[in-house]
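A.B. asks: I would like to see how this sequence folds:
(one chain, ligands or ions: 1)
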Amino acid sequence: MKNINSLNAVKRAETLMPGGVSSPVRAFKSVGLSPVVIKKAKGGRIYDIDGNEYIDYVMSYGPMILGHADERVVKAVSSSAADGFSFGATTEAEIELAGLINKHFPSIESVRLVNSGTEAVMSAVRLARGFTKRSRIVKFEGCYHGHSDSMLVKAGSGALTTSVPSSAGITESVSKDTLVAVYNDISSVKDLFAAHKGEIAAVIIEPVAANMGVVLPEEGFLKNLIDLAHKNGSLIIFDEVITGFRLSLGGAQGLFNLKPDITCLGKIIGGGLPIGAFGGRRDIMEYLSPVGPVYQAGTLSGNPVCVAAGIATIKAIEKDDAVSKADEAASYLVRSLKDELKNFDDKITINYISSLLTIFFKGGSVNNFNDVMKSDTNRFKEFFASVLNAGIFMAPSQYEAVFLSSKHTKSDIDKTVSIISDALNKIF
Ligand SMILES: *Cc1c(COP(=O)(O)O)cnc(C)c1O
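C.D. replies: Take a look at the predicted model:
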């Protein structure tokens, strides 16, 4: 694998940007390599500036369920851009996107568009506090909800990968209001409600955790969590920034038939352009300004070009049945891996749902953050280097998901399985 262009670009980037990156995981630090620098991508393939081609399983960490540079989305973006980039006023397009979100998420009676998943969560948390007039929030260890202060306590994703799950720079007065529970352990949540009676505004959760690697909710856990929160006068916030329009068109809540009070969206709803959204019960959403007392605003919120990408993406997902296609690709990958990797049953565990999966370097079940932390990250490092070299682009961390799209082909997957199998045979 040639990498001289990437090496030179990274050298220059490091003089100009902290760690040479705009977001931490991209630095490849946890795998001890110098990152590849990307030139372009199409469908399920991505290309670096040295001309190497990879089968892409990062897929921009989730947005690209249709594959890269889908022609319908490219067309929608160009045509919207030609009509102006931003107006500071309402457009018909944002109303159309709100309608599409409402159609697929019946729990979202009213929605506010923002610019990122982080912003969606930050604002949803403020809204929950304003609505309930309570201060504390319960989150789960290893779940990631973007990088707002109150959510960077025992967080997953890059925060976990770079060993700062609880970031510096967050004051004690903020972090004391974030209570941390154990995923899949309802009694840990009960304990928090008992210790903080009448103080908890909301419980926030990734209904399928995908930022400590993929961890599935156990049967009944989410339903019990919703009931418990409501019994205590708290709201339940589903962070569906990854799972929205991926686990089903209506996200995890559609798949599991559950109804949170507030839902956060991002990633797929912008088709790769920056966007986020939060919405839910109308009586709660009407606490937002200009109708209510909770302030929230954004110069670029509902940006027409981002919204155009989102609408084109959602319509194409509907038309292509892209959720099922991505699911089929993932299920074929998992079945083939399980056949091929029988010898490694006690060394690796594959957690999998829909078009999301993680190969954990650990035997036995992986049901919460503690289990995740028993993974052999040194083995992952070797694995990552080996598959990258053979043409597979995966997230450079044990704690991220493998993302499939509707454009990953059977032959892509056959090639992937053979590369992964070679890598594991070399490592173990
Ligand atoms: C990616 C992600 C976020 C943050 O979204 P950004 O657009 O990166 O700010 C929040 N929650 C979850 C579950 C995510 O996966």
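
A.B. asks: Backbone torsions only: list them for the residue of the stretch 301-428 of the chain found nearest the ligand.
C.D. replies: Residue nearest to the ligand within the stretch 301-428 of the chain: residue 401 (8.8 Å; Cβ to the nearest ligand atom). C-beta coordinates here come from the backbone N, C-alpha and C atoms, glycine included. Dihedral pair for residue 401: phi -90, psi 160, per degrees, to the nearest 10.

A.B. asks: okay, now residue 116: neighbour count?
C.D. replies: Neighbour count for residue 116, taken as other Cβ atoms under 10 Å: 18.

A.B. asks: who's in contact with it?
C.D. replies: Taking Cβ atoms under 8 Å, 6 or more residues apart in numbering, we find residue 116 in contact with 146, 266, 274, 275, 276.

A.B. asks: Going by neighbour count, which of the residues you listed comes out on top?
C.D. replies: Ranked by neighbour count (other Cβ under 10 Å), the contacts of residue 116 have residue 275 at the top, with 30 neighbours.

A.B. asks: looking at it, that residue is touching residue 308, isn't it?
C.D. replies: No. With contact defined as Cβ atoms under 8 Å, residue 275 does not count as touching residue 308 (10.6 Å).

A.B. asks: ok so, going back, tell me the one among the contacts of residue 116 nearest to the ligand.
C.D. replies: Distance to the ligand across these (Cβ to the nearest ligand atom) is lowest for residue 146, with 3.5 Å.

A.B. asks: Please name the spatially closest residue to that closest one (chain neighbours excluded).
C.D. replies: The shortest distance from residue 146 to any non-neighbouring residue, by Cβ to Cβ, 6 or more residues apart in numbering, is to residue 118 (3.0 Å).

A.B. asks: quick one: the one you found from the ligand, how far?
C.D. replies: Using Cβ to the nearest ligand atom, to the nearest Å, we find residue 118 at a distance of 3 Å from the ligand.

A.B. asks: Quickly find the element holding that residue.
C.D. replies: According to DSSP states H and E, residue 118 maps onto helix 117-132.

A.B. asks: contact partners of that helix?
C.D. replies: By Cβ under 8 Å, 6+ apart, helix 117-132 touches 112, 114, 135, 137, 145-148, 150-151, 201-202, 204, 233-235, 237, 239, 241, 261-262, 264-267, 276-278, 284-285, 287-288, 292-294, 296, 298.

A.B. asks: For PyMOL, write a command that selects the buried ones of these.
C.D. replies: In PyMOL, a selection of the buried entries from those looks like this (16 or more other Cβ atoms under 10 Å):
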select buried, resi 112+114+137+145+146+147+148+150+151+201+202+204+234+235+237+239+241+261+262+264+265+266+267+276+277+278+284+285+287+288+292+294+296
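
A.B. asks: Now, the contacts of helix 117-132 that are in strands?
C.D. replies: If you go by DSSP state E, those have 112, 114, 137, 201-202, 204, 235, 237, 239, 262, 264-265, 276-278 in strands.

A.B. asks: filter these down to the ones near the ligand?
C.D. replies: Restricting these to those touching the ligand (Cβ under 6 Å from any ligand atom) yields 239, 276.

A.B. asks: Just give me the closest of the ones in strands among the contacts of helix 117-132 to the ligand.
C.D. replies: Taking these together and measuring to the ligand by Cβ to the nearest ligand atom, the closest member is residue 239, at 4.5 Å.

A.B. asks: Pretty sure that closest one sits against residue 264.
C.D. replies: Yes. With contact defined as Cβ under 8 Å, residue 239 counts as touching residue 264 (4.8 Å).

A.B. asks: what touches both of those two?
C.D. replies: 117, 121, 145.

A.B. asks: Without its sequence neighbours, what residue ends up closest to the first one?
C.D. replies: For residue 117, the nearest residue in space outside its immediate sequence neighbours is residue 266; the separation is 3.2 Å by Cβ to Cβ, 6+ apart.

A.B. asks: you'd agree the one you found is up against residue 272?
C.D. replies: No. Counting by Cβ under 8 Å, residue 266 sits too far from residue 272 to count as a contact (11.3 Å).

A.B. asks: and residue 162, what pLDDT?
C.D. replies: What the model reports as pLDDT for residue 162 is 68.

A.B. asks: so where is the chain shaky, pLDDT-wise?
C.D. replies: Applying pLDDT under 70 to the chain flags residues 162-165.

A.B. asks: what about whatever residue of it ends up closest to the ligand, how many residues close to it?
C.D. replies: Using Cβ to the nearest ligand atom, the closest approach of the chain to the ligand is made by residue 117 at 2.2 Å. By other Cβ under 10 Å, the residues close to residue 117 number 30.

A.B. asks: try residue 171
C.D. replies: 8.

A.B. asks: That one: what's it in contact with?
C.D. replies: Residue 171 sits in contact with residue 149, where contact means Cβ under 8 Å, 6+ apart.

A.B. asks: what does residue 238 give?
C.D. replies: Going by Cβ under 8 Å, 6+ apart, residue 238 touches 205, 206, 207, 251, 252, 253, 258, 260, 262, 263, 264.
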